[in-house]
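**Student:** return a 3D structure for these sequence lines:
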Amino acid sequence: MNELKLASEKRLRLFSGRAYPELAESVAKELGIPITPTSAYDFSNGEIFVRFEESVRGSDAFVIQSHSSPVNKHIMEQLIMVDALKRASAKRITVVTPFYGYARQDKKHQGREPISARLMADLFKTAGADRIMCVDLHTAQIQGFFDGPVDHLFALPLLANYVGQKVDRSRLTIVSPDSGRVRMAERWSELLGGASIAFIHKTRDPRVPNESVTGRVVGEVAGKTCVVIDDMIDTAGTITKAVDALTAEGAKEVIVASTHAVLSGPAVERLKNSKVNEVVVTNTLPIEEEKRFDNLTVLSIAPLIARAIKEVFEDGSVTSLFDGRA
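**Tutor:** Residues are numbered from 1 along each chain as shown. Modelled structure (predicted):
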């Protein structure tokens, strides 16, 4: 009797939405594979259509889309792509969101508010995602919102290595812009040989978005090179107030390091007009030419994402990518 032989070789497929194809191309180049051709367009009423031009049956599919502006459109497009893959019999679907939309809405500050970060996770699960991969979530608890594996990658080594090569570590102070980022400042300090830590006492009215009141600096910053760290720069209000406070306290130099360059509204003008010496970010989000300025440095996150995709595809270990010590 003839034996039936089945092809069991796994196939890795990378898919890109329209939000940020340049990052997807960089990841594909790192992996040495092409992006699967996709037809996507908008109907006249704004509805989105997606169709993959090649068979995806049995593939290990990675759908990369950064939730850049317009955020809701790009989230919806990624959900539709996941649904199309599920209906086309992809074996496993991993949603890759270098910047996870609605991550700041991870808890209720007052009654009658949504927890939109949880809703996002539910939407991707319902669409058919088996796994989520993201970079520097606003809070780690968001990992628990998704009923499946979450690969939470850290840009910390990339940013810290760059900063560490530029400054005198003996005169370095890591500054958290508020008390909530002190733990992250400690991890920066560990990577940079035990640099001192400071934080800025900040208050925020939950009823007023994108606005905070900067208080006093806690820690020694006079004569130091201060590195202000945060997960994102949105309108840059918090960051520029922190720079002003540190300068007033006698900081010799101030560097800002952040993963996600949202740069909305007055952010660019605020940073240009501030006393910051350098702003270091990654390319998890597209930065248009008009938003770039002289002391902005953009580091590529593509090698980290590609390495994580490779480890997941090969069923390898991604623990070192979780703990920020890769």
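**Student:** CA atoms for contacts and neighbours, from now on please.
**Tutor:** Will do.
**Student:** packing partners of the host helix or strand of Val280?
**Tutor:** Assigned by DSSP states H and E, Val280 belongs to strand 278-282. Judged by 3 or more C-alpha pairs under 8 Å, 6 or more residues apart in numbering; DSSP states H and E, strand 278-282 is in contact with helix 156-164, strand 253-261, strand 296-299.
**Student:** how about the strands in the stretch 101-250 of the chain?
**Tutor:** Under the criterion DSSP state E, counting those that start in this stretch, the stretch 101-250 of the chain contains strands at 131-135, 150-153, 172-176, 196-204, 212-218, 225-233.
**Student:** lowest average pLDDT across those strands?
**Tutor:** The minimum mean pLDDT among the strands of the stretch 101-250 of the chain belongs to strand 212-218 (a mean of 73).
**Student:** relative to Pro286, how far out is Glu113?
**Tutor:** From Glu113 over to Pro286 the distance is 30 Å, taken as C-alpha to C-alpha, to the nearest Å.
**Student:** ok, Leu192 next?
**Tutor:** Going from Leu192 to Pro286 by C-alpha to C-alpha gives 28 Å.
**Student:** pull the longest helix from this structure.
**Tutor:** Longest helix in the chain by number of residues (criterion: DSSP state H): helix 71-87.
**Student:** what are the buried residues along that helix?
**Tutor:** Going by neighbour count (16 or more other C-alpha atoms under 10 Å), the buried part of helix 71-87 is 73-86.
**Student:** got JSON lines for those residues, with distance to Leu296 and pLDDT too?
**Tutor:** Shown next, in JSON lines, are those (distance: C-alpha to C-alpha, whole Å; pLDDT from 0 to 100):
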{"residue": "Lys73", "distance to Leu296": "28", "pLDDT": "98"}
{"residue": "His74", "distance to Leu296": "26", "pLDDT": "98"}
{"residue": "Ile75", "distance to Leu296": "27", "pLDDT": "98"}
{"residue": "Met76", "distance to Leu296": "31", "pLDDT": "98"}
{"residue": "Glu77", "distance to Leu296": "30", "pLDDT": "98"}
{"residue": "Gln78", "distance to Leu296": "29", "pLDDT": "98"}
{"residue": "Leu79", "distance to Leu296": "33", "pLDDT": "98"}
{"residue": "Ile80", "distance to Leu296": "35", "pLDDT": "98"}
{"residue": "Met81", "distance to Leu296": "33", "pLDDT": "98"}
{"residue": "Val82", "distance to Leu296": "35", "pLDDT": "98"}
{"residue": "Asp83", "distance to Leu296": "38", "pLDDT": "98"}
{"residue": "Ala84", "distance to Leu296": "38", "pLDDT": "98"}
{"residue": "Leu85", "distance to Leu296": "38", "pLDDT": "98"}
{"residue": "Lys86", "distance to Leu296": "40", "pLDDT": "98"}
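**Student:** which of those residues sits closest to Ala61?
**Tutor:** Of all those, Leu85 has the smallest distance to Ala61: 7.8 Å, by C-alpha to C-alpha.
**Student:** these two touch, right, the closest one and Ile93?
**Tutor:** Yes: contact between Leu85 and Ile93 holds when scored by C-alpha atoms under 8 Å: they sit 7.5 Å apart.
**Student:** shared neighbours, those two?
**Tutor:** Ala61 (C-alpha atoms under 8 Å, 6 or more residues apart in numbering).
**Student:** can you tell me which helix or strand of the protein has the lowest average pLDDT?
**Tutor:** helix 319-322 (a mean of 63; mean pLDDT, DSSP states H and E).
**Student:** tell me where the model's unsure across the stretch 151-300 of the chain.
**Tutor:** For the stretch 151-300 of the chain, the stretches with pLDDT under 70 are 202-215.
**Student:** ok, now with 50
**Tutor:** Scanning the stretch 151-300 of the chain for pLDDT under 50 picks out no residues.
**Student:** now Glu220. Nearest residue, chain neighbours left out?
**Tutor:** Ala198 (6.7 Å; C-alpha to C-alpha, 6 or more residues apart in numbering).
**Student:** mind checking how far the one you found is from Ala245?
**Tutor:** Between Ala198 and Ala245 the computed distance is 12 Å (C-alpha to C-alpha).
**Student:** and these two? Which one has more around it.
**Tutor:** Ala198 (23 against 17; other C-alpha atoms under 10 Å).
**Student:** which strand residues bridge that one?
**Tutor:** Counting by DSSP bridges, Ala198 forms beta bridges with Val175.
**Student:** thought it was touching Thr225?
**Tutor:** No: using C-alpha under 8 Å as the test, Ala198 is too far from Thr225 to be in contact (11.7 Å).
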